[in-house]
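**Student:** sequence first, predicted coordinates after that:
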Amino acid sequence: MNAPKDDHPDAAAATCRAQALEALRRGDVALAERAFSRLLDIQPDDVDALQFLASCQLGRGEAARAIDWLRAAHRARPRDAAILHQLGAAQVQAADLRGAEESLRQGLELAPGMFVARLRLGVVYEQQGRRHEAMVAYLGAIHAAQAQGRWLSDETTAPGVRDAVKHATRYVAAGRRELFNAVIEPLRQRYGRAELDRVDQCLAIYLQEQPASLPDPRQRPLFLYFPGVPSQPFYPRERFALHTQLEAAVQMIGAELRAVLSEADRLVPFLGASTAEAEAAQLLGSTGTQEGAWDAFFFYRHGVRHDANSARCPHTSALLDAMPLVRVRDHAPETLFSVLRPGTHILPHRGVTNTRLVTHLPLVVPPDCALRVGGETHVWEEGRCVTFDDTFEHEAWNHSGQTRVVLIMDSWNPDLTEVERLAVTDLVAAIGDFNRSVPGP
């Protein structure tokens, strides 16, 4: 094909581009390459031509030439994540792992959802022997792809990356097993493997190496299932002797509560001010004319102490600190005054793990208020603790015209041994650390 007979560069470039695109439409890659080459002669910084010609060079194994063209494309369009991804792929082919890492990281900063780029970054880390970073990158790629309905099966995975995705999945599984196994090993060495047998089963279930054989179909933990302990929605009061100390102090706790309620600005939404409206609607309903409202006065939230609130209620705080609370860095305890406004219904939901239980000390209980766990309804009695396993589906409601308040705390499941509690503490903290290191979808 002859070069376009047009003296105006813009017109000539447009003609070359049209010829290239028409050739691609017909599947004539060689013709498209020639047309894009002529276009590049006219406009040396044309990004489309640079990227296409670079891909042709990569197909021939000419990575160095492809990298030159892709760097030119990057100079012309420095914030184009796709160019950086393509450049990173070319640098991988050229065995320039440091350059590939830099290009892929820059691209992912611009477009975190590029899951194939994150998969390639995992390859780069693996080839450099950076095992933990490779595992994090691979898992981030898998999460991002699956959030878009991809990589869920062979059918949802492009053939060109199918083997790489399967490798990444195996790599992550082996890496997580190695990481979390190492967390438990010091306790095995100290106390013996037999003492950690149920913890080992718990970890295997979490890693999906074996199924969770839950004895009660009503129970379904969202995060961590600990096997070999009784499954029951409500626990007998006699299992928690220290709770009598809370009950004996109910008048004092109530006095501190009333002071808190007199200053409404001390309360915060239990779900957090940033919770999306749709998410809140899935958990809160209303039987009245006003929207449901679930407020809280936290002593601890996700393991972080609220010092000002604790100082505001010193007697309640001291009593809670004397309880056998679950203490896991960045996770637990969670202790609070839970304030359920008139007409509010906390809709059915499930908790994260049966390693800990939830206790309510009812402080203000109007009529038509109740808690239902695993289909069993409990009507709160002021000053009388109730403890339940929130991995059973549970809900609570206040159908009255008054506010309901309970003191909530979480405590260890009494059917775990002291060694098992130590192991779960270390394991949950390690899982949390790892999960926070993985990019979100």
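**Tutor:** That came through, no problem.

**Student:** list the contacts for H378?
**Tutor:** If you count contacts by Cβ atoms under 8 Å, 6 or more residues apart in numbering, H378 has them with 234, 370-372, 386, 388. C-betas here are computed from N, CA, C, even on glycine.

**Student:** now do N309
**Tutor:** 266, 297-299, 317.

**Student:** quick check, nearest of the contacts of H378 to V250?
**Tutor:** Nearest to V250, judged by Cβ to Cβ, of those is V386 at 13.5 Å.

**Student:** among the contacts of H378, which are in strands?
**Tutor:** 234, 370-372, 386, 388 (DSSP state E).

**Student:** may I see the buried residues of the helix or strand containing G432?
**Tutor:** According to DSSP states H and E, G432 maps onto helix 418-437. Using 16 or more other Cβ atoms under 10 Å as the test for burial, helix 418-437 gives 419-432, 434.

**Student:** out of these, who's nearest R356?
**Tutor:** V424 (8.7 Å).

**Student:** separation between the closest one and R198?
**Tutor:** Applying Cβ to Cβ, to the nearest Å, the value for V424 to R198 is 10 Å.

**Student:** what does T425 give?
**Tutor:** Taking Cβ to Cβ, one finds T425 at 15 Å from R198.

**Student:** next SSE downstream of the helix or strand bottoming out on mean pLDDT in the chain?
**Tutor:** The helix or strand with the lowest mean pLDDT-type score in the chain, counting by mean pLDDT, DSSP states H and E, is helix 277-283 (a mean of 69). Going down the chain from helix 277-283, the next helix or strand is strand 284-286, by DSSP H and E.

**Student:** which other helices and strands does the next helix or strand along the chain from that following strand contact?
**Tutor:** As assigned by DSSP H and E, the chain's next helix or strand after strand 284-286 is strand 294-301. Applying 3 or more Cβ pairs under 8 Å, 6 or more residues apart in numbering; DSSP states H and E, one finds that strand 294-301 contacts strand 268-269, helix 307-312, helix 314-321, strand 335-340.

**Student:** quick revisit: now do the shared contacts for V424 and R198.
**Tutor:** Common neighbours of V424 and R198 (Cβ under 8 Å, 6+ apart) are F226.

**Student:** weed out the non-buried ones from the contacts of H378.
**Tutor:** Among the contacts of H378, the ones that count as buried by 16+ other Cβ under 10 Å are 234, 371-372, 386, 388.

**Student:** farthest-separated two in those residues?
**Tutor:** So, the buried ones among the contacts of H378 by Cβ to Cβ: farthest apart are R372 and V386, at 11.9 Å.

**Student:** rewinding a little: how about the helices and strands packed on strand 294-301 in CSV, adding distance to H349?
**Tutor:** What follows is those, written out as CSV (distance: least, Cβ to Cβ, whole Å):
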stretch, distance to H349
strand 268-269, 16
helix 307-312, 25
helix 314-321, 24
strand 335-340, 14
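
**Student:** buried deepest among these, which one?
**Tutor:** Most buried of these by mean neighbour count (mean count of other Cβ atoms under 10 Å) is strand 335-340; its value is a mean of 24.

**Student:** if we can go back for a sec, out of the buried residues of helix 418-437, who's nearest Q93?
**Tutor:** Looking across the buried residues of helix 418-437 and measuring by Cβ to Cβ, the closest to Q93 is F434, at 30.8 Å.

**Student:** list phi and psi for H349.
**Tutor:** Backbone torsions of H349, given as degrees, to the nearest 10, read phi -160, psi 170.

**Student:** in contact with it, which residues?
**Tutor:** Applying Cβ under 8 Å, 6+ apart to H349 gives the contacts 283, 393-395.

**Student:** any regions of the protein where pLDDT drops low?
**Tutor:** Along the chain, segments meeting pLDDT under 70 span 1-8, 273-281, 441.

**Student:** okay, now the domains of it?
**Tutor:** The chain breaks down into these domains under automatic domain parsing: 9-174, 234-415.

**Student:** buried stuff in the helix of greatest length in the chain?
**Tutor:** Using DSSP state H to define each element, the chain has its longest helix at helix 159-191. Residues of helix 159-191 classed as buried by neighbour count (16+ other Cβ under 10 Å): 161, 164-165, 167-168, 171-172, 175-176, 179-180, 183-184, 187-188, 191.
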